[in-house]
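Trainee: Sequence and computational prediction follow.
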Amino acid sequence: MTTEPNTVHVIDDDDAVRDSLAFLLETEGLSVVTYASAPAFLDTADHASGCIVADVRMPEMDGMELLRQLAKRGNTLPVIIITGHGDVPLAVEAMKSGAADFIEKPFDDLLLLKAVRAALNNAAGQA
């Protein structure tokens, strides 16, 4: 599946969070594809464009391992990490691992939208 350049790939194991994020992003005119796990996204990552919004704490593979797997594959999609359990060391690790941004839940909708727009602009500049 090849995606549009303005696609936001939302990866979160919590159905309610996934649905809420998808609704917010779609109301801003963005294309959204949701995934219940990082491995589900990785199955399609080679044909994906846009950016990623991923939770840190997920079963199977957490958001930090997702960052490492994307780097191993040479995938340069910008990744915004979101978490309800953030701290400074985790934020630093995420940024050093290549995250475009690190946002703690609950977050302000405008803050997330600004981060997504910046990530999409960055991705477009790399294309």
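Mentor: Cool, the structure landed.
Trainee: and the most centrally placed residue in the chain, what is it in contact with?
Mentor: In the chain, the residue lying closest to the centroid (C-alpha atoms, centre = their mean) is Val53, at 1.8 Å. The contact partners of Val53, by C-beta atoms under 8 Å, 6 or more residues apart in numbering, come to Val8, His9, Val10, Ile11, Asp12, Leu21, Val79, Ile80, Ile82, Leu112, Val116. Heads up, the C-betas are built off the backbone N, CA and C, glycines and all.
Trainee: Check for me that it belongs to a helix.
Mentor: No. Counting by DSSP: H, G, I helix; E, B strand; the rest coil, Val53 falls outside a helix, being strand.
Trainee: Show me what it is bridged to.
Mentor: On the basis of DSSP bridges, Val53 takes part in beta bridges with Val10, Ile80.
Trainee: ok, back up a step: any idea which of the contacts of Val53 is closest to Ala48?
Mentor: Taking C-beta to C-beta as the measure, Ala48 lies nearest His9 of the contacts of Val53, at 6.0 Å.
Trainee: mind checking how far that closest one is from Val88?
Mentor: Distance of His9 to Val88, given as C-beta to C-beta, to the nearest Å: 27 Å.
Trainee: repeat for Asn6
Mentor: Computed with C-beta to C-beta, the distance linking Asn6 and Val88 is 32 Å.
Trainee: Kindly report the same for Glu26.
Mentor: For Glu26, the distance to Val88 (C-beta to C-beta) stands at 33 Å.
Trainee: more crowded one of these two?
Mentor: Glu26 (12 against 8; other C-beta atoms under 10 Å).
Trainee: Let's verify the nearest residue in space to that one that is not next to it in sequence: helix, strand, or coil?
Mentor: Ranked by C-beta to C-beta, 6 or more residues apart in numbering and with sequence neighbours excluded, the top spatial neighbour of Glu26 is Val32, at 5.5 Å. Look at Val32: counting by three-state DSSP, its state is strand.
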